[in-house]
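Asks: build me a structure from this.
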Amino acid sequence: MAVTAKPLKSSNRPLAAEADRLTEAIELLFFAYRDFISDPDELLAEYDFGRAHHRVVHFVGRNPGITVAELLNILRITKQSLARVLKQLIERGFIEQETGKQDRRQRLLFLTPKGSELAERLAIPQRNRVAQALEKAGPGSDEAWRKVLLALVNDEDRPEVEHRIAKAPARG
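Replies: Reported below is the predicted structural model:
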């Protein structure tokens, strides 16, 4: 469910100031994302991959044995888009798929050693950037960061997101 709000009236100065404050926060999010993704984008370009490849590698690495259906649910992209990206990652040896043991229709996805190496190379500059930002922000910033970002997630999706991010990192 999308968040909706009444439009702020610019004729009322306190409301206009609030709109300006929120617009600034939105712009900061855009600029932060631009720079947060810049290092991985450079690396992905070496492979002729894009951000969809990065997200697939990340979530398969964090969830070894994830099904294609679960991955579609996380990424919220079309089956066709995922199929194209997965095909490239499988053909180039970054991901392997196995047939499900209980349900033979399932395709379970795993990173190969080459895929794990790529996932780590993509994650290192992002971890460093977040660590530096949290350090600069000072005490309590970790919890504030988590609260703000979780609050941006749709209400109905928040429990699943919290469950997914709370688990221990996958062993590689």
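Asks: for the rest of this, base every contact and every neighbour count on C-alpha atoms.
Replies: OK.
Asks: can you give the contact residues for stretch 136-150?
Replies: Residues outside stretch 136-150 that contact it (C-alpha atoms under 8 Å, 6 or more residues apart in numbering): Leu134, Glu135, Arg158, Glu162.
Asks: in it, what's buried?
Replies: Going by neighbour count (16 or more other C-alpha atoms under 10 Å), the buried part of stretch 136-150 is Leu150.
Asks: and Ala17, what pLDDT?
Replies: We have a pLDDT of 87 for Ala17.
Asks: helix, strand, or coil at it?
Replies: helix (DSSP: H, G, I helix; E, B strand; the rest coil).
Asks: against Thr23, how distant is it?
Replies: 10 Å (C-alpha to C-alpha, to the nearest Å).
Asks: hang on, the earlier thing: any idea which of the contacts of stretch 136-150 is closest to Ile95?
Replies: Nearest to Ile95 among those is Glu162, at 25.5 Å by C-alpha to C-alpha.
Asks: and the closest one, how many neighbours?
Replies: 13 (other C-alpha atoms under 10 Å).
Asks: kindly confirm my reading that it is in a helix.
Replies: Yes. Glu162: assigned to a helix according to three-state DSSP.
Asks: measure it to Pro125 for me?
Replies: 23 Å.
Asks: for stretch 60-71, what is the distance to the chain centroid?
Replies: Relative to the chain's own centre, stretch 60-71 is displaced by 13 Å; criterion: C-alpha atoms, centre = their mean, to the nearest Å.
Asks: how long is that stretch end to end?
Replies: By C-alpha to C-alpha, one end of stretch 60-71 lies 8 Å from the other end.
Asks: neighbouring contacts of that stretch?
Replies: Contacts of stretch 60-71 from elsewhere in the structure, counted by C-alpha under 8 Å, 6+ apart, are Val56, Phe59, Gln106, Arg107, Leu108, Leu109, Phe110, Leu111, Ser116, Ala119, Pro169, Ala170.
Asks: what mean pLDDT does that stretch get?
Replies: The pLDDT scores in stretch 60-71 average 95.
Asks: what comes up buried for that stretch?
Replies: Buried residues in stretch 60-71, defined by neighbour count with 16+ other C-alpha under 10 Å: Val60, Gly61, Arg62, Asn63, Gly65, Ile66, Thr67, Val68, Leu71.
Asks: can I get those in JSON lines including secondary structure and distance to Glu98?
Replies: Listed next are the buried residues of stretch 60-71 as JSON lines, based on DSSP: H, G, I helix; E, B strand; the rest coil; distance: C-alpha to C-alpha, whole Å:
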{"residue": "Val60", "secondary structure": "helix", "distance to Glu98": "13"}
{"residue": "Gly61", "secondary structure": "helix", "distance to Glu98": "15"}
{"residue": "Arg62", "secondary structure": "helix", "distance to Glu98": "17"}
{"residue": "Asn63", "secondary structure": "coil", "distance to Glu98": "14"}
{"residue": "Gly65", "secondary structure": "coil", "distance to Glu98": "8"}
{"residue": "Ile66", "secondary structure": "strand", "distance to Glu98": "10"}
{"residue": "Thr67", "secondary structure": "strand", "distance to Glu98": "10"}
{"residue": "Val68", "secondary structure": "helix", "distance to Glu98": "11"}
{"residue": "Leu71", "secondary structure": "helix", "distance to Glu98": "15"}
